[in-house]
Structure formats: C-alpha cells, structure tokens
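> Can you look at this prediction? I've put the sequence above it.
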Amino acid sequence: MTFPIEILFRNMTHSDFIWNDVWDHTEKLQRFFDRIMSCRVTISAPHHHRRNGNVYVVQIDLRLPGEDLNITNEHKYNPAHKDVYVAIRDAFEAAKRKLEDLTRKKRHFVKTKNVPMHGKVKRIFPNEDCGFITTPDRRELYFHKNSVLNNEFDKLEIGDEVRFSEEIGEKGPQVTSMTRVGRSGHLRTPI
C-alpha cells in the first residue's frame, strides 16, 4: 500500500478477518485509482433500530489531490448489510463508481446535451455578404454568407429565426453555421 490507511471499528471489537477484508478491498481500489493519498474506513456495528433493522454501516473517506470523497451506506437500508462483508463490498463498489465518475468528469467525458442555439436576424448587408443576429441573452453575433446553410443567404429577412453554432473569431464570437427555422420551429429544408 502506497498511502496510509486507517481502519476503525465502532460499537464492535477489532476483527482480523474484517480488517484483512478491508485491506484487500483497499488494495484493489488503489490498483483501480492510483492517486489516492489516504483512506479511512469506519465500520459501525448494527444499531437496534426498529425502522432500519440491524445493518452494518461502512463509511469510506478518501483523500485525493484537490478533493475528498466520502462514501457511506448509512442512509440506504439494505437487508443484505446485516452481513458485514456484504456491507464492506458494497461500500467499496460505491467508492469505485464515485472514482469512475470523478475521472470522467476530470477528463471531460461527461455527456452533455448539445442543443443548437437560436437567435433572430437583426441586420443584413447584402452588398457585403454578411449580417448580424441577436441571441436571447442580447448578444449580437456576426455571420458571413458562407456560414448560412442551404445557400439561403439571399432569402434571409430581418426577424427570421435561426439556429446556429458559434466560435471565437479574430474579432470575437461569430456564427460558424446557421439555418433558418420555419414558422412551426422546424428547420426549413430546401425543395
């Protein structure tokens, strides 16, 4: 193990079998995610609750570079957690899922819905093959004739609703592609 690990027992006596099981799970977690700086695992013996039954509570506190993760099964009643080994296994599986989520998030693999932005044509300069649109947040974006799809630049009118994509150009944000939207909100297709 390349990081400090602390295993605590609450309301129960120390058990070498449980300690070894936690150690094995921690080693597997380290092989999965090698940037763990420290780990504390707290195993609490069942409380005699009428509502939640007698289940073991396992809490895992992981210290990572720039972030701490806390995983617990305390508020999730699962009758299988009457067995301490099942509770430990499930807690470490939850820790692994959290680390996977964190890794995806850091690598920007989180899926996002890519909805095209919309706006309205504000000004058109036919002699210069360009114009401007306004967005709902009152930004004004430049567009060129070449950014209008389906060769519809000549059909554009002031007030037409458009869907567009933008990028940062030499003089600031500008439209990279743009399509007129029909009255019902659907994209117009050429006949």
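That came through fine.

> from here on, contacts and neighbour counts on C-alpha atoms
Noted.

> what ranges do the strands span in this structure?
5-10, 38-44, 57-64, 67-72, 117-125, 130-134, 140-144, 161-169, 172-180 (DSSP state E).

> Just send those strands back as TSV, with mean pLDDT and mean neighbour count too.
Formatted as TSV, the strands of the chain follow (pLDDT from 0 to 100; neighbours: other Cα atoms under 10 Å):
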stretch	mean pLDDT	mean neighbour count
strand 5-10	93	15
strand 38-44	93	19
strand 57-64	92	20
strand 67-72	88	14
strand 117-125	92	18
strand 130-134	94	20
strand 140-144	92	19
strand 161-169	86	17
strand 172-180	87	19
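
> closest one to Val86 among those strands?
strand 57-64 (10.1 Å; Cα to Cα).

> so what does the closest one touch, helix or strand wise?
strand 38-44, strand 67-72, helix 84-106 (3 or more Cα pairs under 8 Å, 6 or more residues apart in numbering; DSSP states H and E).

> how about a cut-off of 10 Å?
strand 5-10, strand 38-44, strand 67-72, helix 84-106 (3 or more Cα pairs under 10 Å, 6 or more residues apart in numbering; DSSP states H and E).

> buried set for the longest one?
Read it as helix 84-106. 84-85, 87-92, 94-96, 99, 102 (16 or more other Cα atoms under 10 Å).

> how far does that helix sit from the chain's center?
From the chain centre to the centre of helix 84-106 is a distance of 16 Å (Cα atoms, centre = their mean, to the nearest Å).

> now the angle from it to strand 67-72?
Per axes from the mean of the first three to the mean of the last three Cα atoms, to 10 degrees, the angle that helix 84-106 makes with strand 67-72 is 150 degrees.

> Counting by contacts, list what helix 84-106 packs against.
helix 16-32, strand 38-44, strand 57-64, strand 67-72.

> Serialize the ones you listed to TSV and add fields for distance to Phe164.
Below are those laid out as TSV (distance: least, Cα to Cα, whole Å):
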stretch	distance to Phe164
helix 16-32	42
strand 38-44	48
strand 57-64	40
strand 67-72	38
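
> who wins for proximity to Pro4 among these?
Short answer: strand 38-44, nearest of the helices and strands packed on helix 84-106 by Cα to Cα, at 5.0 Å.

> For the closest one, give me every contacting residue.
The contact list for strand 38-44, computed with Cα atoms under 10 Å, 6 or more residues apart in numbering, reads 2-12, 18-19, 22-23, 26, 30, 55-64, 68-72, 74, 84, 87-88, 91-92.

> Format the helices and strands packed on strand 57-64 as JSON lines; extra columns: distance to Leu149.
As requested, the helices and strands packed on strand 57-64 are exported to JSON lines (distance: least, Cα to Cα, whole Å):
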{"stretch": "strand 5-10", "distance to Leu149": "60"}
{"stretch": "strand 38-44", "distance to Leu149": "55"}
{"stretch": "strand 67-72", "distance to Leu149": "45"}
{"stretch": "helix 84-106", "distance to Leu149": "34"}
